[in-house]
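# just a sequence and a predicted model for now, questions to come.
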Amino acid sequence: MTRGQAIRLCCMEICAPFAGIVHFSVKAGQRVEVGDTLASVEAVKLEAPLLAPVPGVVSALSAEDFSDVAGGDVLLTIDAAPQEGQ
């Protein structure tokens, strides 16, 4: 690895818990902390908020806002936040 190359520390995929309509509360590139609301999935009389399980940066949204998703679909990816001094 040469100087200036970034290391992708790790990533976590956040998936839909069930089929429904996804509404994102974050954008790609946004920094999140544990417990921040990332999105919600809504189905008939049911809404499930998706909270950040780790601190990091949202690297990608895998669906469009207010689109239909199936249970288990990847909705977004969080990359680990760089540690101090890296």
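Yep, it's here.
# check contacts around the residue nearest the centre of the chain.
Nearest to the geometric centre of the chain sits Leu76, at 3.7 Å (CA atoms, centre = their mean). By CB atoms under 8 Å, 6 or more residues apart in numbering, the contact set of Leu76 is Glu13, Ile14, Phe24, Val26, Leu38, Ala39, Val58, Ala60, Leu61, Ser62. Every residue, glycine included, has its C-beta placed from N, CA and C.
# what's the nearest residue to Val69 once chain neighbours are set aside sitting at in phi/psi?
The shortest distance from Val69 to any non-neighbouring residue, by CB to CB, 6 or more residues apart in numbering, is to Ala16 (4.5 Å). Backbone torsions of Ala16, given as degrees, to the nearest 10, read phi -70, psi 130.
# quick one on the thing from earlier: narrow the contacts of Leu76 to those in strands?
When the contacts of Leu76 are checked against strands (DSSP state E), the matches are Glu13, Ile14, Phe24, Leu38, Ala39, Val58, Ala60, Leu61.
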